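Visitor: next input, structure requested:
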Amino acid sequence: MPSNTPDTATVGEESPPEAIVAWALRRFAGRELVVTTSFGMEGCALIDMVARHRVSVPVVWLDTMFLFPETYALRDRLADRYPHLRFENRGTALTPEAQAEQFGPELWRQDPDLCCVLRKVEPMRRALQGVDVWLTGLTRSQGADRAALRVVEWDWQYQLVKVNPLAAWDRARVWEYVRAHDVPYNELHERGYPTLGCTHCTAPVPGAGPRDYSRTGRWAGTSKTECGLHRDLPRHFARKA
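Guide: Numbering: from 1, shown residues only. Down below sits the predicted model:
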C-alpha cells in the first residue's frame, strides 16, 4: 500500500460509521475529498452522517440517463434536505442515441460490461481525477466481491484513499439508522428493489423490503454482479472502445 495511505490507528474495522466519518473529515481537512452515491439506502445514510458536520463537500453522482424517475426525485429531496452539501452530476455526456449509433441498440443487453464502462466507470474516473479521498457507502455484506472491504484502503484503480464508513453494517442496520434519523430514501425500496441502478438492468426481487439487501435484481439472467466502479475493467474498455 502506498506510503500516503493514512494511519488508521484512530479508527478500527468495527468502529461506528459516525466515528469513521468524523475521523475522515478531521484527518483529511484541506484535502480534496468527495462523497459518491447512486442514491441507494446506504448512500443516503452516509450523506446524512456527513451532513451532520455542516461541512461543504461535493456529493458526486452519475446520471447514466437511464435512472428511475424515483431516483431523480430522491436527488432533489436530498439536495433540499442538505443545502450545504454540493450535489454534482458528473455523468456521461454520451446520449443514449449516440451510444446506440456507435455501439448498436440496447448495448445493456448485448454487452452490459461495456455499457457500464461507458456510462459509469469512465465518468467516475474523470470525476475522481485530482481527488485525494473518496467516501463510499459500500458494506462487506453486499456480496462476495465486497466481503474483504476495509474501512480505509488504497484504491489502485483511481489512485486515492478510499474510506468506507459503513463497511461493518448490513442493510438492516442501515435501515435502523435511516428510520431513526428520518433520512430520505428511494421509495423503490418499498416496492421490492433492494438496490437501485439503471432501469434496463434493475428488477424488483420478490419478497424484498427496505431492510433487505440483495443483488439478485441486478443484471438478472447473467453472471454479472458489479458495474465496475469498484472493480477494475480497463482491459475490457481498451478492447471494446
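Visitor: make it CA atoms for all contacts and neighbour counts henceforth
Guide: Noted.
Visitor: pull the longest helix from this protein.
Guide: The helix spanning the most residues in the chain, taking DSSP state H as the definition, is helix 69-81.
Visitor: next, the buried residues of the helix or strand just after that one.
Guide: The C-terminal neighbour of helix 69-81 among helices and strands, as given by DSSP states H and E, is strand 86-89. Within strand 86-89, the residues that qualify as buried are 86-87, counting by 16 or more other C-alpha atoms under 10 Å.
Visitor: direction included, what does strand 86-89 pair against?
Guide: The strands that strand 86-89 pairs with in its sheet are strand 58-61 (parallel) (by DSSP bridges).
Visitor: tell me how far the partner strand lies from the chain's centre.
Guide: Offset of strand 58-61 from its chain centre (C-alpha atoms, centre = their mean, to the nearest Å): 10 Å.
Visitor: sorry, back to before: so what touches the longest helix of the chain?
Guide: 39, 85-87, 184-188, 196 (C-alpha atoms under 8 Å, 6 or more residues apart in numbering).
Visitor: could you tell me how many residues sit around the closest residue in space to residue 152 that isn't next to it in sequence?
Guide: Nearest residue to residue 152, sequence neighbours excluded (C-alpha to C-alpha, 6 or more residues apart in numbering): residue 163, at 4.6 Å. Number of residues near residue 163 (other C-alpha atoms under 10 Å) recorded here: 24.
Visitor: next: residue 53.
Guide: If we define neighbours as other C-alpha under 10 Å, then residue 53 has 11 of them.
Visitor: now do the contacts for it.
Guide: By C-alpha under 8 Å, 6+ apart, residue 53 lies in contact with residue 22.
Visitor: want to throw the contacts of helix 69-81 into a markdown table with distance to residue 216?
Guide: Converted to a markdown table, these look like this (distance: C-alpha to C-alpha, whole Å):
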| residue | distance to residue 216 |
| --- | --- |
| 39 | 18 |
| 85 | 32 |
| 86 | 32 |
| 87 | 29 |
| 184 | 24 |
| 185 | 20 |
| 186 | 18 |
| 187 | 18 |
| 188 | 15 |
| 196 | 12 |
